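>>> Need a 3D model of the sequence below.
(chains A and B)
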Amino acid sequence: MIALADCNNFYASCERVFNPKLERKPVVVLSNNDGCIIARSNEAKKLGIKMGEPAFKIKNVVEKYNVNVFSTNFALYGDLSKRVMNTFRTEVNKMEVYSIDEAFLDFSDLADKERAIQIKKKVQMWTGIPVSIGIAKTKTLAKVANHIAKKYTKAGVFMFDDEDLIRRALNVFPVEDLWGIGKKHAKRLKEVGICTALQFRETDTGWIKRHLSINGVKLQKELKGEICHPLETTIQRKKNICTARSFGTEIKELRKLREAVSSHANTCATKLRKEKSCCSTISVFLSTNPFKPQAKQYHPYRVFNLDVPTNDSIEIVRFALKGLDQIYRSDCIYKKAGVIVGRTIPESQVQLSLFDNLDRDKRREINSVVDIINSKMGRNKVKLAVQGTGRKWKLRQEKLSPCYTTRFSEILEVRI
Amino acid sequence: MKIKYLKHTNYFDFYSVDKTAFEKIPLFEGGVSAGFPSAADDYMDMDLDLHDHLVQNPSSTFCVKAIGESMKDAGIQTGDVMIVDRSLEPKNRSIVLAVIDGDFTVKRVNVNDNELYLMPENDTFTPIKITEEMDFQIWGVVTFIIHKAV
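Numbers count the residues shown, from 1 in each chain, chains lettered A, B, ... in the order given. Predicted structure coming up:
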């Protein structure tokens, strides 16, 4: 059996750990640049605040109901996530960290509701974060069980232990809420009258294969209790790394875009070196503000395929800037820029090209020295000149809570 | 914090502190005997980890800064950093970080005839009796107090 442990309203819960006054009060967390709602406490959900809603649209609700608004504090959420995962680790032999706030736990040795309740209590006590746990034969069913645990149980734990129970639950479970069913597929399914998970499970497999490909078939098998997605306990090499940010204030000038794009490219390169990978493609993209439909909309991108895979900062930045220069148009105002490095392979498997005239050994030395300095002195202490020093394009985080757990100058202060 | 052995004299050993590796301080078993040359050298492979000493359970341990005088006699003063472990069960006489009606406080637990008190350690403050109506919760147990020597 597999258990899916999922933190309840994770970001909002993180804020509450260090601010108990927020208990039972509506809390929302905004995305980068305070743009959209990305997390809501149950109280905020009840006020009708939607996921992904732009912050300016809920201004009235915020004022009327005293909603507590926070900017994303990734240092805090990341630290608490690590604590939660490490606490899980003390209770199970195998687990797969699935996202910042979810993990699949191996319950094959002992599938027991009581065990899940113990884990939940431990995490609550050690970290202050409430979790819900769903237990079932497959990951897909564990997701459904978790959903039920969160919504309909007081204990926050639910286990699919008999077929009749699974049938009854799937009968009322909307097909679009299933793990891996996107908007497009959900629409297609509904058009032919497949609205619940149970209907999907009973649909002809051939039809599913034709319309939803092999992933749909796997999903159906998982709903029947057949494992298609086993627990992945080894860390997977990231296939793509994307670094992109919305700008605090929109940008028109090429010079500032070049600073942003080169910084993102450098971040990608640093991440590649950290996991000892090289990328074979480099993409750069720009985006205007979709919430200003009256302004000119432009969402260009440019991809480069490399002859020799690389993780060299200078080379990746150079390609990203070349792409930027090609796609930039001076008659648009930009809200977002980003760099994606893709088709990554292990550093050790890079094959050299006959026509390569870059001194890669020398570059490797430069990069490793820069990485060492930056790891000791702080991020971006040494950087490429093109990244600039102004950081006019940096994040807007007006309602940031302190980094309670990662900066000594910002630890929780208590009046005693 | 890494300490590097620099120089030995008749009375003192000198060390340099490497701040970039905030990890380990060498431990000397049995101390250093003055006048006995390089007695320390044989023990340089043993390390004392301050973090290990202060933090038993990293997943549940938090640093909290104290402001106020109510726990002065327990050795907690303004600006001190308290190590708080959430995984420990509070016992009678534990110093705890508690939450009363949404506000944090630090006091000593005192259970007397089935009544729960949070005791300050400063004569000018009064004990707090915890009653049914209060929204009360123990956030964690204070295990160490780091006080800067002046």
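>>> going forward, measure contacts between C-alpha atoms and count neighbours the same way
OK.
>>> Please, where are all the strands along the stretch 51-200 of chain A?
Ranges of strands in the stretch 51-200 of chain A, per DSSP state E, counting those that start in this stretch, are A:68-71, A:95-99, A:102-106, A:131-136, A:157-159.
>>> Same check on the stretch 201-350 of chain A?
A:241-251, A:277-288, A:301-310, A:334-342, A:345-346.
>>> Check which helices and strands the helix or strand following the shortest one is in contact with.
Same thing as strand A:345-346. Downstream of strand A:345-346, the first helix or strand assigned by DSSP states H and E is helix A:360-377. Using 3 or more C-alpha pairs under 8 Å, 6 or more residues apart in numbering or on different chains; DSSP states H and E, no helix or strand is in contact with helix A:360-377.
>>> got a list of contacts for helix A:360-377?
A:270, A:312-313, A:380-383, B:20 (C-alpha atoms under 8 Å, 6 or more residues apart in numbering or on different chains).
>>> what's stretch A:172-180 in contact with?
Applying C-alpha under 8 Å, 6+ apart, the contact partners of stretch A:172-180 are A:140, A:143-144, A:181-183, A:186, A:194-198, A:200, A:219.
>>> got it, and stretch A:326-342?
Contact with stretch A:326-342 is made by A:239-247, A:249-254, A:257, A:260-261, A:264-265, A:268, A:279-289, A:296-298, A:300-302, A:320, as judged by C-alpha under 8 Å, 6+ apart.
>>> go on, stretch A:17-25?
Against stretch A:17-25 from outside (C-alpha under 8 Å, 6+ apart): A:16, A:41, A:43-44, A:67-68, A:127-129, A:404, A:412, B:99, B:101-103.
>>> Can I get the buried ones among those as something I can paste into PyMOL?
Those of the contacts of stretch A:17-25 that count as buried under 16 or more other C-alpha atoms under 10 Å in any protein chain shown are selected in PyMOL with:
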select buried, (chain A and resi 16+41+43+44+67+68+127+128+129+404+412) or (chain B and resi 99+102)
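>>> For the residue in the stretch 101-250 of chain A that chain B sits nearest to, give me the pLDDT.
At 4.5 Å from chain B, residue A:126 is the closest residue in the stretch 101-250 of chain A, using C-alpha to the nearest C-alpha. For residue A:126, the pLDDT comes out at 97.
>>> Quick check: the nearest residue to it once chain neighbours are set aside vs residue A:342, distance?
With sequence-adjacent residues excluded and distances taken as C-alpha to C-alpha, 6 or more residues apart in numbering or on different chains, residue A:126 is closest to residue B:60, at 4.5 Å. Per C-alpha to C-alpha, to the nearest Å, residue B:60 is found 37 Å from residue A:342.
>>> The two: who's more crowded?
Between residue B:60 and residue A:342, counted using other C-alpha atoms under 10 Å in any protein chain shown, the more crowded position is residue B:60 (24 against 20).
>>> measure the more buried one to residue B:86 for me?
To residue B:86, residue B:60 is 5 Å away according to C-alpha to C-alpha.
>>> Report the set of residues contacting both of these two.
Common neighbours of residue B:60 and residue B:86 (C-alpha under 8 Å, 6+ apart) are A:126-127.
>>> Output the strands of the stretch 51-200 of chain A as TSV; include the columns mean pLDDT and distance to residue B:72.
Output for the strands of the stretch 51-200 of chain A, formatted as TSV (pLDDT from 0 to 100; distance: least, C-alpha to C-alpha, whole Å):
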stretch	mean pLDDT	distance to residue B:72
strand A:68-71	92	34
strand A:95-99	91	44
strand A:102-106	96	42
strand A:131-136	97	38
strand A:157-159	96	44
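>>> Just tell me which of those strands ends up closest to residue A:227.
Residue A:227 lies closest to strand A:131-136 among these, at 10.6 Å (C-alpha to C-alpha).
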